[in-house]
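**Student:** Sequence unavailable; structure follows:
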């Protein structure tokens, strides 16, 4: 009996899921691998970080997503090695996975660009774990100040957000809302004015990849809401209590968040193939790795040297669909086609009911209309999940709690009782 | 200016909240202290443990609960010492708290009764942290088996629940539902029949504190759903892979849960006063500690030697209201009154739409009617929270993630970068 063609997809993000779903009608075997057993809806990470949403509201169990797609199986594991010669993927759990086609869609991680102190002292916002850690830290600064009313809060409650792209803008706006609309009431004895939100951007405007009008609007809106916006100054270094800007100013703060850039997930290097800017896997026009038509890379982890795409959702989703189509073509013995990216536009929220949206036809929306466009886009995307996902999604994201617990048992000096495993 | 009478309430559980709310109209200062910044609705812990609910759905931010009650402040901290001579409570964060009246309402923890192996190998179900740890562990056993299809699952997926009271009965039923209705679909390649749920009870019937008919009904229902019920046999010992019963039988299982009993929170000993059965603080008829009319103890942590009450919700809630009334009487210079407990009945769910309810008038309900009664009771209780709690409740329970992170930084040998703090 001939074994089916096996497609191994590394990463259950936008790109990986698009590939798997694009192959739903094929008589092949698809194995999706991810260190977490859930897909994270990254555009809403800032909501979790600013206590607007719970973590389990933006995490979707991969098994639930593919429950009705019979040709997909899932392996919860980390990739430890990729051997493109033998076409094998080694995992942290279970036996190695042989593949006929490999899709590397493991995404991106935060990029400090070597800025001193960032790795040691700054929070990032690339995963659910990041978001929860940031939120808990911020809330913890308030509880700590409340626990000792005899000590002035100083800069303990202030937050510096480094990087004025969409992520930083959304986070800064969300933090200001959290402070003024929620924490000011939860902590009535704290002078909420001491909780500054400072957004720092090295370019001359926020949202540098958007049209100048959008960046200006974002700055006006954020400023009106109390965010202190600094443009034209980069971050020189970060320490435990402050940020030093390239213009010499030092901002004291209890929390520093780095949203200034990303780089490819380091497992990109496991292919042993050339890496492009941001350490991304270089791919050809059809998104396959040069010399290896059976290996594709899509989304944040990949870059087409001729037409580099931004590391946002659309390239991953469209790339995933394209790769699914190429796999079918190859199975049919046909040549692959180049990927054509359709830039549908960009959108960034600036607050709970405010956003800037730049559509591909040049049309710009802002304010509540822009926010409704943003909301509509996200709802459309999420609807693709809802009917495949049952109540079980509520628990899945806690898997990294389990994951952390497992690491704790090997590293920490605590009582190994199961009751403490979650510690 | 005369300082207001300060009431310090240790514990934000059913009892502590009832005291604080009972004093909402008084011109006093109430300080609620809890290691977590949220109240946990314990009756639904088994739902979190069996992935029926998310953790943040049964946790309520204390600050949100008391947002409109101006005489309450909250301190998130652990109690490290109580000095009843100087009337001071020492905390893990911030300066010591002087009190005029003290309420100890810190609840109960699991009691192994010295059974060998329980502390090292069994999971408990007394806190949200417990529930999440148990759920993640159970899910992890499935993912581990799925990761290695070449190895038979053996007993890895089986769960032994030790203790057939309401908690054990509810948990066993919930686990069976999780296995048969959710995980069987999420893990199609696993033979769900290998995932046994075994409920062990030393007494001759389940729900030994209920009428015999209720226990029999619970056993019939659970058995019909696939739970293996063993009565008349206790647990001799627990090890990493099995449970040894007092009748000599050994049950192999990947997960063991201990729901066989509780004891008072160990901080009860900090009072330096006599402790009764289960290490509970002995109180007089009015719920004050003998010889210290300014110190009360209520709920699971307390016991009236003459009329010991079960460690469930009603004694805590009623006791809390009673103590609030006694504080007012003392402020008015009047003598206190003895506490009169009104047993309103008991209820235990046996499955998603099934329960046994024994009302105080002798009326028994079972099946869907009993479940509706259970649901109604809980909704009534929760409604007291809903209108004080805003969207912020979704994040609060993650505080123990932060808490664990803080402990990890002092105990573990990990890179102390903030990005890893949540580990």
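**Tutor:** All right, it came through fine. Note that the structure is a prediction, hence the values are computed from the model and not measured.

**Student:** State the phi and psi torsions of the residue nearest the centre of chain A.
**Tutor:** Centroid check for chain A by Cα atoms, centre = their mean gives residue A:126 as the closest residue, at 3.7 Å. In this entry, residue A:126 is assigned phi and psi values of phi -110, psi -10 (degrees, to the nearest 10).

**Student:** OK, contacts around it?
**Tutor:** By Cβ atoms under 8 Å, 6 or more residues apart in numbering or on different chains, residue A:126 lies in contact with A:42, A:45, A:107, A:108, A:109, A:110, A:262. Every residue, glycine included, has its C-beta placed from N, CA and C.

**Student:** Make JSON lines out of those and add distance to residue B:374.
**Tutor:** Shown next, in JSON lines, are those (distance: Cβ to Cβ, whole Å):
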{"residue": "A:42", "distance to residue B:374": "39"}
{"residue": "A:45", "distance to residue B:374": "37"}
{"residue": "A:107", "distance to residue B:374": "44"}
{"residue": "A:108", "distance to residue B:374": "48"}
{"residue": "A:109", "distance to residue B:374": "47"}
{"residue": "A:110", "distance to residue B:374": "47"}
{"residue": "A:262", "distance to residue B:374": "49"}
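
**Student:** Of those residues, which ones also sit close to chain B?
**Tutor:** residue A:110 (Cβ under 8 Å from any Cβ of the partner chain).

**Student:** Please indicate which of the contacts of residue A:126 has the highest neighbour count?
**Tutor:** Ranked by the number of neighbours (other Cβ atoms under 10 Å in any protein chain shown), the contacts of residue A:126 place residue A:107 first, at 28 neighbours.

**Student:** in stretch A:276-285, what's buried?
**Tutor:** Going by neighbour count (16 or more other Cβ atoms under 10 Å in any protein chain shown), the buried part of stretch A:276-285 is A:276, A:278, A:279, A:280, A:281, A:282, A:283, A:284.

**Student:** wait, what's in contact with the third one?
**Tutor:** Under the criterion of Cβ under 8 Å, 6+ apart, the contact partners of residue A:279 comprise A:263, A:264, A:266, A:268, A:269.

**Student:** now do 6 Å
**Tutor:** Each residue near residue A:279 by Cβ atoms under 6 Å, 6 or more residues apart in numbering or on different chains is listed here: A:263, A:264, A:268.

**Student:** for the last one, same thing?
**Tutor:** Taking Cβ under 6 Å, 6+ apart as the criterion, residue A:284 is in contact with residue A:290.

**Student:** of the contacts of residue A:126, closest to chain B?
**Tutor:** residue A:110 (7.8 Å; Cβ to the nearest Cβ).

**Student:** hang on, the earlier thing: please flag which of the contacts of residue A:126 sit within strands.
**Tutor:** A:108, A:109, A:110, A:262 (DSSP state E).

**Student:** Which residues are in contact with residue A:280?
**Tutor:** Per Cβ under 6 Å, 6+ apart, neighbours of residue A:280: A:264, A:301, A:302, A:303.

**Student:** scratch that, residue A:147
**Tutor:** B:75, B:77, B:93, B:94.

**Student:** how about 7 Å then?
**Tutor:** Counting by Cβ atoms under 7 Å, 6 or more residues apart in numbering or on different chains, residue A:147 makes contact with B:75, B:76, B:77, B:93, B:94.

**Student:** and what of residue A:172?
**Tutor:** Per Cβ under 7 Å, 6+ apart, neighbours of residue A:172: A:161, A:197, A:199, A:222, A:227.

**Student:** just to revisit the earlier point, what confidence value was assigned to the residue nearest to the centre of chain A?
**Tutor:** Note for residue A:126: predicted pLDDT of 93.

**Student:** likewise the one 3 residues further on?
**Tutor:** The pLDDT attached to residue A:129 in the predicted structure is 86.

**Student:** and it, what element?
**Tutor:** helix A:128-147 (DSSP states H and E).

**Student:** same deal with residue A:216?
**Tutor:** Applying DSSP H and E as the criterion places residue A:216 in helix A:212-224.

**Student:** show me where pLDDT drops low in chain A?
**Tutor:** Within chain A, the segments meeting pLDDT under 70 span A:1-2, A:352, A:375-423.

**Student:** Could I get the full set of helices for it?
**Tutor:** A:14-22, A:45-49, A:62-65, A:118-121, A:128-147, A:166-177, A:184-186, A:212-224, A:313-331, A:367-386, A:393-396, A:399-411 (DSSP state H).

**Student:** and the stretch 101-250 of chain A, which residues reach chain B?
**Tutor:** A:119-124, A:129-130, A:132-133, A:135-137, A:140, A:143-144, A:147-148, A:150, A:182, A:185-186 (Cβ under 7 Å from any Cβ of the partner chain).

**Student:** filter those to the buried ones?
**Tutor:** With burial judged by 16+ other Cβ under 10 Å, the buried subset of these is A:119-124, A:129-130, A:132-133, A:135-137, A:140, A:143-144, A:147, A:182, A:186.

**Student:** List the single closest residue to residue A:192 in space, sequence neighbours excluded.
**Tutor:** Leaving aside its sequence neighbours, residue A:192 sits nearest to residue A:184 (Cβ to Cβ, 6 or more residues apart in numbering or on different chains; 4.1 Å).

**Student:** Next up, the contacts around residue A:264.
**Tutor:** A:108, A:278, A:279, A:280, A:281, A:300, A:301.

**Student:** ok, residue A:337 - contacts?
**Tutor:** Going by Cβ under 7 Å, 6+ apart, residue A:337 touches A:286, A:326.

**Student:** at 10 Å instead, please
**Tutor:** Residues in contact with residue A:337 (Cβ atoms under 10 Å, 6 or more residues apart in numbering or on different chains) are A:285, A:286, A:322, A:325, A:326, A:329.

**Student:** which one of those is nearest chain B?
**Tutor:** residue A:325 (27.1 Å).

**Student:** Run a quick neighbour tally on the nearest residue to the closest one once chain neighbours are set aside.
**Tutor:** Setting aside the residues directly before and after it, residue A:325 is nearest to residue A:22 in space (Cβ to Cβ, 6+ apart), at 6.8 Å. When neighbours are counted by other Cβ under 10 Å, residue A:22 registers 19.

**Student:** got it, and residue A:340?
**Tutor:** 9.

**Student:** I'd say it and residue A:321 touch.
**Tutor:** No. Contact criterion Cβ atoms under 10 Å: residue A:340 and residue A:321 do not qualify, at 11.2 Å.

**Student:** Fine, thanks again, bye for now.
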